[in-house]
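1. Structure of the sequence below:
(one chain, ligands or ions: 1)
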Amino acid sequence: MSQELRAVEWTGTGLALIDQTALPHRTATVDVHDVDTLVDAIRRLVVRGAPAIGAAGAYGVAIALLQGEREGWTDDEVREAVARVREARPTAVNLMVCVDRVMSRFDEGLDAVLAEAAAVQREDVEANRAMGAFGADWLLERVGADRPLRILTHCNTGALATAGWGTALGVIRELHARGRLEVVYADETRPLLQGSRLTAWELVHEGIPHFVQADGAAAGTILRGEVDAAIVGADRIAANGDTANKVGTVGIALACADAGVPFLVAAPTTTVDLATPDGTAIHIELRGEDEVLEWGGVRTAPAGSRGHNPAFDVTPGRLVTGLVTERGVLEVSKGELPGDRLR
Ligand SMILES: CSC[C@H]1O[C@H](OP(=O)(O)O)[C@H](O)[C@@H]1O
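-> Numbers count the residues shown, from 1 in each chain. Predicted coordinates:
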């Protein structure tokens, strides 16, 4: 059920976004008919996940066009509104790539913009399905064809984070569909708990066996040999394979390297940014201090404490065993680099 849900849905006159801040205990949608509401929804992670915000940004061009018609905006004012959508979050390159792709059809009018946005969404689901197969094939061939696998993942990379099926969670779904998944260890993923709230919600709905664990448990789980591989998503992948992903990812990669456990990144090629040479050039979003100082509106840290809240970290390409894309698996740590292979 959850694998088929649509985090981003065009209604014909606007967007219906699953409100991911409300899950798992409440299902709600946010209806979007104007640019300010869309920018707010992206910034508050109502809609989140690199490919999902890419799809939302793609349709954001149509939202700006329709609002411009209602409010009598000039083309320049519509373009300025689209730029605010494009800049709503800085790290996930999918947002910029998808907005730019749809804007290439701006002068053809609303129908062309909607057709391009629909293509963005359709192609993302197709890419995720292909990634699922490539990733499952790679894992079963390299890690263990003789028994079901134990997989660790971080944050949420499922249908909620994409146009459908998922990236890393799409590989996990594929293993489960093939009867080759024993268990998933899902990091809760502080501070916004995308793992315990969203990944667990998707896994429960599909009967996929899993544990939710504290982020701090991940390295020990890996070093004790309790998982066969780790697989995560990505928000921006540089030409040398350095990968920006949810904060906490690099610790998992370091533990995998020490334990000799494969560390896989699953992402569509729309997440690869060949214009960024390496991870030092990736803008890491710093989010509000309160997200780490409180939970559910209740302050957990004492007054006087400051919050340090980078939303992502960068895993060096040398630690990426494999980059799973819709075009196959690049063994980045062995020198198969996105910049060489994906131009
Ligand atoms: C399928 S990409 C998901 C990617 O995006 C998440 O970030 P956020 O929840 O802040 O949008 C996280 O980095 C995931 O790996």
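2. C-alpha only now, for contacts and for neighbours.
-> OK.
3. which helices and strands does the helix ranked longest in the chain pack with?
-> Ranked by residue count and defined by DSSP state H, the top helix of the chain is helix 110-142. Applying 3 or more C-alpha pairs under 8 Å, 6 or more residues apart in numbering; DSSP states H and E, we find helix 110-142 packed against helix 50-71, helix 93-103, helix 168-177, strand 322-325, strand 328-330.
4. mind listing what the most centrally placed residue in the chain touches?
-> Taking C-alpha atoms, centre = their mean as the criterion, G49 is the residue nearest the geometric centre of the chain, at 3.3 Å. Neighbour list for G49: 92, 156-157, 160-162, 235 [criterion: C-alpha atoms under 8 Å, 6 or more residues apart in numbering].
5. switch the cut-off to 7 Å
-> When the contact criterion is C-alpha atoms under 7 Å, 6 or more residues apart in numbering, the partners of G49 are 157, 161-162.
6. Out of those, the closest to the ligand would be?
-> T157 (3.9 Å; C-alpha to the nearest ligand atom).
7. So that closest one sits against L169, correct?
-> Yes. Contact criterion C-alpha atoms under 7 Å: T157 and L169 qualify, at 5.4 Å.
8. What secondary structure category should be reported for D340?
-> The three-state assignment at D340 reads helix, by DSSP: H, G, I helix; E, B strand; the rest coil.
9. I'd like to know how many residues surround it.
-> By other C-alpha atoms under 10 Å, 11 other residues sit near D340.
10. Need the nearest residue in space to it, chain neighbours excluded.
-> Once its chain neighbours are removed from consideration, D340 has its nearest residue in A239; the separation is 7.9 Å (C-alpha to C-alpha, 6 or more residues apart in numbering).
11. next one: phi and psi at that neighbour?
-> According to degrees, to the nearest 10, the main-chain angles of A239 amount to phi -60, psi -20.
12. which of the contacts of G49 has the most neighbours?
-> Neighbour counts for those peak at T157, which has 32 neighbours (criterion: other C-alpha under 10 Å).
13. you'd agree that one is in a strand?
-> No. Following the definition three-state DSSP, T157 is coil and is not counted among the residues of a strand.
14. Tell me who's in contact with it.
-> T157 makes contact with 49, 166-169, 233, according to C-alpha under 7 Å, 6+ apart.
15. How about L110?
-> Contact analysis of L110 by C-alpha under 7 Å, 6+ apart lists 62, 65.
16. Could you list which of the contacts of T157 also contact the ligand?
-> Applying C-alpha under 6 Å from any ligand atom, the subset of those adjacent to the ligand comprises 49, 167, 233.
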